[in-house]
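1. sequence? don't have it. structure:
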């Protein structure tokens, strides 16, 4: 954060709608003393910062600004940002910036088996039935994430990762501890994906690395390959094809990665090659991905599926996606027409993602009537899922639509796109 502790204390207090008098009563300090801190006439103490964090629900934000004796300066963060303190057994606390509008980490205080007091997390006793319930809860959040904004699920799933890490550190017997860690790694990876969807690339990368470290602790050595796949996907959406290709090749070389992970990595490699216009390399990589995913390993019982759970035909949709990047717009539209209709009705995020690329392909190939007919359903889904990656294609679509300004449907579509793209991340879609 830039500025003094007092400046940020006042900003957080005002955002919380709390008067200085109310704060003084709540944390049992005098109003005059707190006023001196806000005006930088008195230095803050760790106790003041902790009490203010508790009063405002800022989960360690103000505490991070108070240097302990001998401590290094804290990383600067924006005053208008919400940060969640993420603890780790045996590790230093870290902070994760949450998307606009998420607030003070909904669901964190209610996480089962978890009580936060600044740095410490105290786990409850668990057994197989508790673990089954936690797995079912995580799958429910994943299903919710397919139809809603990342902000709906980020807070609760971060809380679940914290709870699982605390449970694993509390002396659970094997193989229960290993199962807890495996679930924690999958939940952390999902937080990384939802962070990417929220437009938080740094958070996405941090959580992906965190997930790989937890998986390694659980003895899941092949997850390192999947972490490389996720990094390749992040680079692809950043329009960085060379990094995408390099990371995808590294993922395929990970020993013991398994056919599914290598297949997903080959698919990423194909998408990266399409971005640089290498049609021959794209076809070779896509064929390799097709063969590997056809032979993919059976999932480990009781462990969440890696990758998308809402798209059955990953190769067909990826093919349509990459044909667009190769400039073969009419072919892309034809392939996506054939495969988007196979996406389940409840998979709103996937429908919006590939539907946006489908509309874009039709518009770019000159089939503007068809694009206008398909667009309303896609934009409706996009409003709900609030995806930074989908907005990339929608911004490209807006440019294509501008070239069709004389078409009768162009004005309405342009207005709908403009309204959607002006919305701040974290908004709540209305029916």
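-> Sure, I can see it. The structure presented is a predicted model; accordingly, all values stated were derived computationally and were not measured. Residues are numbered from 1 along each chain as shown.
2. Low-confidence stretches in the protein?
-> By pLDDT under 70, the weakly predicted segments of the chain are 1-3, 57-61, 67-125, 296-305, 307-312, 423-431.
3. In it, where's the longest helix?
-> helix 176-197 (DSSP state H).
4. Tell me the helices and strands packed up against that helix.
-> Identification of packing neighbours for helix 176-197 by 3 or more C-beta pairs under 8 Å, 6 or more residues apart in numbering; DSSP states H and E yields helix 128-145, helix 150-168, helix 201-217, helix 223-237, helix 388-402. C-betas here are computed from N, CA, C, even on glycine.
5. Next, report how far that helix is displaced from the centre of its chain.
-> Here the centre of helix 176-197 is set off from its chain's centre by 12 Å, with C-alpha atoms, centre = their mean, to the nearest Å.
6. Show me the contact partners of stretch 24-38.
-> Residues from elsewhere that reach stretch 24-38 (C-beta atoms under 8 Å, 6 or more residues apart in numbering): 5-7, 9-10, 13, 18, 20-21, 23, 42-44, 48, 51-52, 54-55.
7. Tell me the buried residues within the residues you listed.
-> Applying a neighbour-count criterion of 16 or more other C-beta atoms under 10 Å, the buried members of the contacts of stretch 24-38 are 5-6, 9-10, 13, 18, 20, 23, 44, 48, 51-52, 54-55.
8. what about residue 253, distance to residue 8?
-> Note on residue 253: its distance to residue 8, by C-beta to C-beta, to the nearest Å, is 46 Å.
9. Likewise for residue 370?
-> In terms of C-beta to C-beta, residue 370 sits 52 Å off from residue 8.
10. higher neighbour count, these two?
-> Looking at residue 370 and residue 8 with other C-beta atoms under 10 Å, you find the greater number of neighbours at residue 8, namely 21 against 17.
11. I'd like to know how far that one sits from residue 37.
-> Applying C-beta to C-beta, the value for residue 8 to residue 37 is 11 Å.
12. ok, now residue 178?
-> Between residue 178 and residue 37 the computed distance is 47 Å (C-beta to C-beta).
13. Between these two, which has more neighbouring residues?
-> More neighbours sit around residue 37 than around the other of residue 178 and residue 37, counting by other C-beta under 10 Å; the figures are 21 against 16.
14. Name the helix or strand for that one, please.
-> Under DSSP states H and E, the secondary-structure element containing residue 37 is helix 31-38.
15. Moving C-terminal from that helix, which element do we reach first?
-> On the C-terminal side of helix 31-38, the nearest following helix or strand under DSSP H and E is helix 46-56.
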